[in-house]
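Peer 1: let me see the structure of the following:
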Amino acid sequence: MSYLGSRIKELRQRKGLSLRELGEEINMNYSHLSRLENGQKVPSLETIELLANYFEVKASYFLDEVDTEELTSNEEEFLRDLDLSLDDIKEKYNLKFEGKPLSDDELNDIVTYLKVKRGLKK
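Peer 2: Predicted coordinates for the structure are as follows:
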């Protein structure tokens, strides 16, 4: 079992929930949750955020090693000034990766990453 998996299992059992019951609570297939608990699958940032919100813990609680690298002042300023609305991001910035515009799903992944990163720094 992975570190992350043991944390999920610990929190689930504290609430007295089976995998199936937790899956119903968070609208996730219980077999997917089982694979996360057993370390057979790596969760997406969205899944980590979903579990953190459900169990009312910081996302960092699920991570084995937290990157302690400090943000530069420019990065901190950018994060403070950035409006995380996808519509605003698309309107204000013409973000591209490898010459191609970012899709809505890719932008959403970036926003999720920033939310998790901020949660880790608290």
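Peer 1: okay, and for the protein, where does confidence drop off?
Peer 2: For the chain, applying pLDDT under 70 flags the ranges 1, 64-86, 120-122.
Peer 1: can you name the farthest residue from the center of the chain?
Peer 2: residue 99 (26.4 Å; CA atoms, centre = their mean).
Peer 1: quick one, helices of the protein?
Peer 2: Under the criterion DSSP state H, helices of the chain are mapped to 3-14, 19-26, 30-37, 45-55, 73-81, 86-92, 104-121.
Peer 1: any idea how far the most centrally placed residue in the chain is from residue 15?
Peer 2: Nearest residue to the geometric centre of the chain (CA atoms, centre = their mean): residue 45, 2.8 Å. Noted for residue 45: a distance of 23 Å to residue 15, by CB to CB, to the nearest Å. From N, CA and C alone the C-beta is placed, and that goes for glycine too.
Peer 1: repeat that for residue 102.
Peer 2: With CB to CB as the criterion, residue 102 and residue 15 are 37 Å apart.
Peer 1: between these two, point out the one with more neighbours.
Peer 2: Applying other CB atoms under 10 Å to residue 102 and residue 15 shows that residue 102 carries more neighbours, namely 17 against 11.
Peer 1: so the more buried one makes contact with residue 94?
Peer 2: No: using CB atoms under 8 Å, residue 102 makes no contact with residue 94, being 9.3 Å away.
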